[in-house]
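> Sequence plus predicted model, see below.
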Amino acid sequence: MKKENFQITSVSREDLRSAGFDTTNVTDEQMERLASKMADDYCEQLFWEHLPVIAEIIGIPRQETQEPKEPEQHPCKVLEKFDGLYFVYAKYKGQKQFQAFDINEGRPVGNLIYATLVENSIENQTKLQEVATANSEINLVIQLRDRHGKTVFQTR
């Protein structure tokens with residue numbers, strides 16, 4: 001019988017020490033919470049974007065039938081409450097990939113929960129294009145993505 005699930009990674013106190021944190025009094029509960037939050041963050045920002053790319057790199061063939069289907073249920077269930085709203089992503093000079101973005105603060109955020117949510121309207125697209133144009137010297141490109149990470153709008 002084939003296994004269905006495989007662990008991707010873990011986090012340790014040594015990882016925290018390597019990042020400059022004092023782990024002398026860090027509890028197992030804090031480590032569990034850190035691991036859970038990091039898993040959520042990875043799921044929300046990178047997992048579904050990187051899965052098909054890496055699978056192709058290591059030679060896993062695609063199904064012959066159709067385009068890849070979306071997961072039956074997004075692993076981050078809280079996002080279902082935001083149907084009709086889209087996450088703002090951005091990248092600019094020096095960045096290789098888009099990151100969740102707080103448009104009000106003008107900076108990438110480390111967790112999708114802090115990203116700006118907006119409706120995909122002509123008015124909002126126009127405003128986002130104006131922000132991108134005003135920041136053309138840093139090659140700012142802004143995207144709106146749905147809760148599955150699919151890009152529905154991108155500035156020029």
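Received it, and whenever you're ready, just let me know what you need.

> How much space separates the residue nearest to Gly84 when sequence neighbours are not counted from Lys37?
Sequence neighbours aside, Glu119 is the residue nearest to Gly84 in space, at 6.6 Å (criterion: C-beta to C-beta, 6 or more residues apart in numbering). Every C-beta, even on glycine, is put in place using the N, C-alpha and C of the backbone. The spacing between Glu119 and Lys37, counted by C-beta to C-beta, to the nearest Å, is 28 Å.

> So Asp41: helix, strand or coil?
Three-state call for Asp41 (DSSP: H, G, I helix; E, B strand; the rest coil): helix.

> From Val11, how far off is it?
11 Å.

> now swap in Phe153 and tell me
Phe153 sits 35 Å away from Val11, going by C-beta to C-beta.

> Ok, Ile122 next?
43 Å.

> again, but for Ile142
If you go by C-beta to C-beta, the gap between Ile142 and Val11 works out to 31 Å.

> what's the pLDDT at the closest residue to Leu117 other than its chain neighbours?
In this structure, Leu117 finds its nearest non-sequential neighbour in Leu85, 4.3 Å apart by C-beta to C-beta, 6+ apart. At Leu85, the model reports a pLDDT of 84.

> ok, Pro108 touching Tyr92?
No - counting by C-beta atoms under 8 Å, no contact exists between Pro108 and Tyr92, whose distance comes to 9.1 Å.

> For the helix or strand hosting Tyr89, C-alpha coordinates in PDB please.
Secondary structure from DSSP states H and E places Tyr89 in strand 86-91. Extracted as PDB, the C-alpha positions of strand 86-91 are listed here (Å, rounded to 0.1, in the frame of the first residue of the first chain):
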ATOM      1  CA  TYR A  86      -8.800  39.300  -3.700                       C
ATOM      2  CA  PHE A  87      -5.400  39.400  -2.100                       C
ATOM      3  CA  VAL A  88      -2.900  42.000  -3.300                       C
ATOM      4  CA  TYR A  89       0.500  40.700  -4.300                       C
ATOM      5  CA  ALA A  90       3.500  42.700  -5.600                       C
ATOM      6  CA  LYS A  91       7.000  42.500  -6.800                       C
END
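
> Before I go, just wanted to say thanks for your time.
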